[in-house]
Structures are given as structure tokens and as C-alpha cells.
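K.L.:
Predicted model and sequence below, questions to follow.
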Amino acid sequence: MKPSIPRTTFPLPLPFLILLLLPAVVRSGDLIEEVCKKTPFYGLCAATLHSNSSAAADIKSLACTVTNFVLSNATDTLSYIQAQLKKEKDPKAEKALANCAELYIPVVKYNLPQAIEAFFRGYYGFTKYALSDAAKQADACEDKISGAGAGGGELSARNKVVSDLCGVGAAIVGLLMKVGGRGLKV
């Protein structure tokens, strides 16, 4: 009769599973760090990408994540502008807010959705251009509200985030273009 060796079905595989998955987590964090160092706003890039645990598979997924964050932030900023327009009593500030809405509407409704569609079709140059243009529109909104004496508040902070995220997204898409759009790691 053979001596029987007790089988453990759960305790042994779990540590091995953890050891197998740990390098992937470390590598994805390394990729985020490496890519974000090549963008104009490292802290914003790292915070944005670390907040989305599925973002770090490759450069392509990082670029996609940031581009979607840009659309989300621009949409929220447009909603904020529209809400402020309803409350604003000062004609000068109201005009500046209306101008901001006119700048953000095409970005949110057309430019960024088209940029995302172009991204998935492999037209990274258009995506990079649309992100750069969205940054210019956020900056133009900031100029309008600052000129009206209404700058420096929450809308200014929102404009800065949109503009800076666009810079991060454009930089990552640029990296993706350098590696031939294959989504390779840098």
C-alpha cells in the first residue's frame, strides 16, 4: 500500500497564482510610469491612468483611456458652463460663459467622439490633432472668462484639467505613432 500524500486544493495554488499575477501588476505600473514621464504633465497622467486598473496593458490602451477621460472631463465642463449660464446675472460674465459653451459644444459633440472613432480605426494622427484642438478650445474659454473678470474659479480649474489632459493624451498618441500603432510597450 502506497503512503497517501494529503492534497491541498486551495492553499497551494493561491500563493502560486499571486506570484504569477504580481509581475503583471508591477509591469503595468512600470509602463504607466515610463509613458507618463514622456508627457507634459506627469502627475496628472499617472493619477489618471492609475485610477483605471485596466488601462495599463500597452500604450494603445493607455492612449484610449486618456482620450476617454478627456471626453468625460470636457462633457462635465460643458455641463458646468451650461448650469452657470442659467445662474449668471452679470452680462459680461454671461457673454463669456456663452462663448465658452460655443467652444465646448463642438468639442464634446463632434471632435472628441470623432477622435475616439478615428483612434479605433488606427488614424492616430487625427486623434492627436483633435486632442490638441480640444486643448486650444479649453484655453480659449479660459481667455474669455479671464477677459470678463470671471477667471480663477472652478471653471478655470476645469479648463486647465481639460487642456492638460489633452496634452497628456496627445503625447501618448504621439508615442503610439512612434511605435507604429502596434500598442507595444515603450
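P.N.:
Good, I have the coordinates. Numbering: from 1, shown residues only.

K.L.:
Restrict stretch 113-124 to CA atoms and write it as CSV.
P.N.:
Only the C-alpha atoms of stretch 113-124 are listed here, as CSV (Å, rounded to 0.1, in the frame of the first residue of the first chain):
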residue,chain,number,x,y,z
PRO,A,113,-16.2,61.4,-30.4
GLN,A,114,-14.7,61.5,-33.9
ALA,A,115,-11.2,61.4,-32.4
ILE,A,116,-12.1,58.3,-30.5
GLU,A,117,-13.7,56.7,-33.6
ALA,A,118,-10.6,57.6,-35.6
PHE,A,119,-8.4,56.1,-32.8
PHE,A,120,-10.1,52.7,-33.1
ARG,A,121,-9.7,52.8,-36.8
GLY,A,122,-5.9,53.5,-36.5
TYR,A,123,-6.0,57.1,-37.5
TYR,A,124,-3.8,58.3,-34.7
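
K.L.:
mind listing what residue 150 touches?
P.N.:
Each residue near residue 150 by CB atoms under 8 Å, 6 or more residues apart in numbering is listed here: 90, 92, 93, 96, 97. C-beta: built from backbone N, CA, C; applies to glycine.

K.L.:
May I see those residues arranged in CSV, with neighbour count as well?
P.N.:
Formatted as CSV, the contacts of residue 150 follow (neighbours: other CB atoms under 10 Å):
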residue, neighbour count
90, 12
92, 13
93, 17
96, 27
97, 26
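
K.L.:
which among those residues gets closest to residue 156?
P.N.:
residue 96 (11.5 Å; CB to CB).

K.L.:
Mind checking which of the contacts of residue 150 are in helices?
P.N.:
If you go by DSSP state H, those have 92, 93, 96, 97 in helices.

K.L.:
would you turn those into a markdown table with distance to residue 38 and pLDDT?
P.N.:
As requested, the ones in helices among the contacts of residue 150 are exported to a markdown table (distance: CB to CB, whole Å; pLDDT from 0 to 100):
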| residue | distance to residue 38 | pLDDT |
| --- | --- | --- |
| 92 | 41 | 94 |
| 93 | 39 | 93 |
| 96 | 35 | 96 |
| 97 | 36 | 96 |
